[in-house]
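Colleague: let's see this in three dimensions:
(2 chains)
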Amino acid sequence: EDQVTQSPEALRLQEGESSSLNCSYTVSGLRGLFWYRQDPGKGPEFLFTLYSAGEEKEKERLKATLTKKESFLHITAPKPEDSATYLCAVIGPSYGKLTFGQGTILTVHP
Amino acid sequence: GAVVSQHPSWVICKSGTSVKIECRSLDFQATTMFWYRQFPKQSLMLMATSNEGSKATYEQGVEKDKFLINHASLTLSTLTVTSAHPEDSSFYICSARDYGATYEQYFGPGTRLTVT
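Modeller: Predicted coordinates for the structure are as follows:
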């Protein structure tokens, strides 16, 4: 059974204080790892897809990396508007069924 | 691109009535759509997978007769909560996978259902 564990559960940062979120996964035959951002009361917003170890993707202040066991979402010089819940999910051999982690609640204080 | 809409965004209904939620892919065709349920401060729980023109596949523990799913076209899937009860109150979110794309799922904004 596919498993995804995110840490920490919550992270509080000061504006400009860079940090990383972790996503550890167990899946037989990874077909893709996904990062989403979710604001309260809204659906998840797609951020990145990573397919193979060593792959990296960037978008504004966010950078996602992937190894064979985990993925990191690096946030550089965060702003208050980056506050949200960040969700990690994987797709294994089940073709399309996302397995989500519990998410990391990020709060960035001005 | 890859925009998914849901309607309504929130709904209040009385116990015993049925409620229909629509999920539309606005700028792409979606052969597969997914329905999730999310409880407060929890992650998303997959309820069912629907493919255009065929019956939905429900996850273990999800009542097929209570949560009716219809994927009538490449841009529309509906979830009907039948004989709703207060315990069905939740945040329902759909997602769609672009036909021909890899595995990315794009999510709708969600529907808040409150059953009184």
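Colleague: pull the contacting residues for residue A:53.
Modeller: Contacts here follow C-beta atoms under 8 Å, 6 or more residues apart in numbering or on different chains; on that basis residue A:53 touches A:66, A:67, A:68. Every C-beta, even on glycine, is put in place using the N, C-alpha and C of the backbone.
Colleague: what about it, which SS state?
Modeller: coil (DSSP: H, G, I helix; E, B strand; the rest coil).
Colleague: roughly how far apart are it and residue B:29?
Modeller: Taking C-beta to C-beta, to the nearest Å as the measure, residue A:53 and residue B:29 are separated by 32 Å.
Colleague: among the contacts of residue A:53, which ones are in strands?
Modeller: residue A:66 (DSSP state E).
Colleague: quick one: which of the contacts of residue A:53 has the most company?
Modeller: The residue in the contacts of residue A:53 with the most neighbours, by other C-beta atoms under 10 Å in any protein chain shown, is residue A:66 (23 neighbours).
Colleague: gap between residue A:44 and chain B?
Modeller: Using C-beta to the nearest C-beta, to the nearest Å, we find residue A:44 at a distance of 5 Å from chain B.
Colleague: pretty sure that residue is touching residue A:38, no?
Modeller: Yes. Under the criterion of C-beta atoms under 8 Å, residue A:44 makes contact with residue A:38 at 4.5 Å.
Colleague: can I get the contacts of residue A:53 in a markdown table with pLDDT?
Modeller: Rendered in a markdown table, the data for these read as follows (pLDDT from 0 to 100):
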| residue | pLDDT |
| --- | --- |
| A:66 | 97 |
| A:67 | 96 |
| A:68 | 94 |
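Colleague: nearest to chain B, of the contacts of residue A:53?
Modeller: When the contacts of residue A:53 are compared for distance to chain B (C-beta to the nearest C-beta), residue A:66 comes out closest, at 14.3 Å.
Colleague: roughly how far apart are the closest one and residue A:105?
Modeller: Counting by C-beta to C-beta, the gap from residue A:66 to residue A:105 is 22 Å.
Colleague: same check, this time on residue B:8
Modeller: Distance from residue B:8 to residue A:105, counting by C-beta to C-beta: 27 Å.
Colleague: more crowded one of these two?
Modeller: With other C-beta under 10 Å as the criterion, residue B:8 and residue A:105 differ in neighbour count, and residue A:105 comes out ahead with 17 against 13.
Colleague: tell me who's in contact with that one.
Modeller: With contacts defined as C-beta under 8 Å, 6+ apart, residue A:105 is in contact with A:9, A:10, A:11, A:85.
Colleague: check whether the lowest-mean-pLDDT helix or strand in chain A comes near chain B.
Modeller: Here the helix or strand of chain A ranked lowest by mean pLDDT, DSSP states H and E is strand A:99-100, holding a mean of 93. Yes. For a cut-off given as C-beta under 8 Å from any C-beta of the partner chain, strand A:99-100 has contacts with chain B, namely residue A:100.
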